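Student: Provided below are the primary sequence and the corresponding predicted coordinates.
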Amino acid sequence: MRRSVFLGWQSLLCILTVGVTCLHGQQTRPVAYVLAVTGNWQLEGQQGAVNAGQPLDAGSRLSTGWYNYDNSITLVHYDDLSRTRIACENSSKNPCRNPVVVSGGDEAPTNQFKTLLSAAVSVLFDKPPAVATHYAVTLSRGKYVVIEKEDVVLLDGEKGFSLTGEIPALPAGTYTVDAKSNDGKTSPLSEKIATLADGSWQTLRIPVPGLYMISILDPDGERRADLLVLFVSGSRYSAARQVFDSVKNRTSKWEGTNSQADEHLFLRAILLAMSQSS
């Protein structure tokens, strides 16, 4: 059974800057996690199929039927948060003809991202409703491509939260902005907010710190943007900002098929983990 690991932002910042040695007794055997899997994959020495969220040790050997050209598996590595996607293909270069060996990396014994990644994966796969909600909202497309973004924002009770600069410009008009906190206590917000021809927005009042799903609907009721934003008070903002930027600087380098969708999903798991570590 997987453990839920939730740390304070100061501890997460410690991990990101000097490694998990700042936390006593941490085990560092797994070097990667399965972020996504399509089709049936087997781990040598294990009964049953490989599942999303499963940790993998260095030297693990993964295999699938080489003729299953729709099969794929995506890994996220502890040491640098790099992403590896292996997809079977109908060609002489098919990577599924031989077992995929998981490499360890030189940094694995003192992996600086291990605990943060464990926390994110714990949220991602131990609490599926949060992930299911994300996909139900963001993958149900209308006639527009829905803008997705994740961020950490300093809560300013006087000035409020402005979408200016947070998302690409939308046509001028009045939009419905729905904001729902994940704390189960704060009442959902729904306001009519205008954006002007220069791309600027009126502000949205966020009452208390926390993690909010913010959805923007145009005058026709079409969903135009979904944001997951962690609003943080002044004393905690700097550490939270550094943690999130350290992760995003690495996930922004992910490339290849489904890399953007994987990045959004992973960053949302990071924010969910951070919101529960305060």
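Tutor: That came in fine, so what should we check first? Numbers count the residues shown, from 1 in each chain.
Student: now the helices for the stretch 151-278 of the chain?
Tutor: Ranges of helices within the stretch 151-278 of the chain are 234-251, 259-275, based on DSSP state H, counting those that start in this stretch.
Student: which one of those is the most hemmed in?
Tutor: Stretch with highest mean neighbour count among the helices of the stretch 151-278 of the chain: helix 259-275 (a mean of 21; mean count of other C-beta atoms under 10 Å). Every C-beta, even on glycine, is put in place using the N, C-alpha and C of the backbone.
Student: what angle do it and helix 234-251 make?
Tutor: Per axes from the mean of the first three to the mean of the last three C-alpha atoms, to 10 degrees, the angle that helix 259-275 makes with helix 234-251 is 150 degrees.
Student: now do helix 259-275, average pLDDT.
Tutor: For helix 259-275, the mean per-residue pLDDT is 88.
Student: from the chain's centre, how far out does that helix sit?
Tutor: Here the centre of mass of C-alpha atoms in helix 259-275, compared against the chain's by C-alpha atoms, centre = their mean, to the nearest Å, lies 1 Å away.
Student: can you list the domains in the protein?
Tutor: 9-126, 129-275 (automatic domain parsing).
Student: where among these is average confidence lowest?
Tutor: Among the domains of the chain, domain 9-126 carries the lowest mean pLDDT, at a mean of 77.
Student: what about the spatially closest residue to residue 37 that is not a sequence neighbour, helix or strand, and which?
Tutor: Leaving aside its chain neighbours, residue 37 sits nearest to residue 73 (4.9 Å; criterion: C-beta to C-beta, 6 or more residues apart in numbering). Using DSSP states H and E, residue 73 sits in strand 72-77.
Student: in its sheet, what does that strand sit against?
Tutor: Strand 72-77 sits in its sheet next to strand 30-38 (antiparallel), strand 83-87 (antiparallel), going by DSSP bridges.
Student: would you mind putting the CA coordinates of it into PDB?
Tutor: The C-alpha trace of strand 72-77 is given here as PDB (Å, rounded to 0.1, in the frame of the first residue of the first chain):
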ATOM      1  CA  SER A  72       3.000   2.900 -24.200                       C
ATOM      2  CA  ILE A  73       4.500   3.700 -20.800                       C
ATOM      3  CA  THR A  74       5.600   7.000 -19.300                       C
ATOM      4  CA  LEU A  75       8.100   7.300 -16.500                       C
ATOM      5  CA  VAL A  76       9.100  10.300 -14.300                       C
ATOM      6  CA  HIS A  77      12.500  10.100 -12.800                       C
END
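Student: starting at the chain centroid, how far to that strand?
Tutor: The mean C-alpha position of strand 72-77 is separated from the chain mean by 14 Å, C-alpha atoms, centre = their mean.
Student: same question for stretch 148-164.
Tutor: Averaging C-alpha positions (C-alpha atoms, centre = their mean) puts stretch 148-164 19 Å from its chain's average.
Student: could the strands paired with strand 72-77 go into a markdown table alongside mean neighbour count?
Tutor: Shown next, in a markdown table, are the strands paired with strand 72-77 (neighbours: other C-beta atoms under 10 Å):
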| stretch | mean neighbour count |
| --- | --- |
| strand 30-38 | 21 |
| strand 83-87 | 18 |
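Student: out of the ones you listed, flag the one nearest residue 221.
Tutor: strand 30-38 (31.4 Å; C-beta to C-beta).
Student: quick one: contacts of that closest one?
Tutor: Residues from elsewhere that reach strand 30-38 (C-beta atoms under 8 Å, 6 or more residues apart in numbering): 50-58, 70-79, 83-84, 102-105, 108, 111, 114, 117, 121, 258, 262, 265-266.
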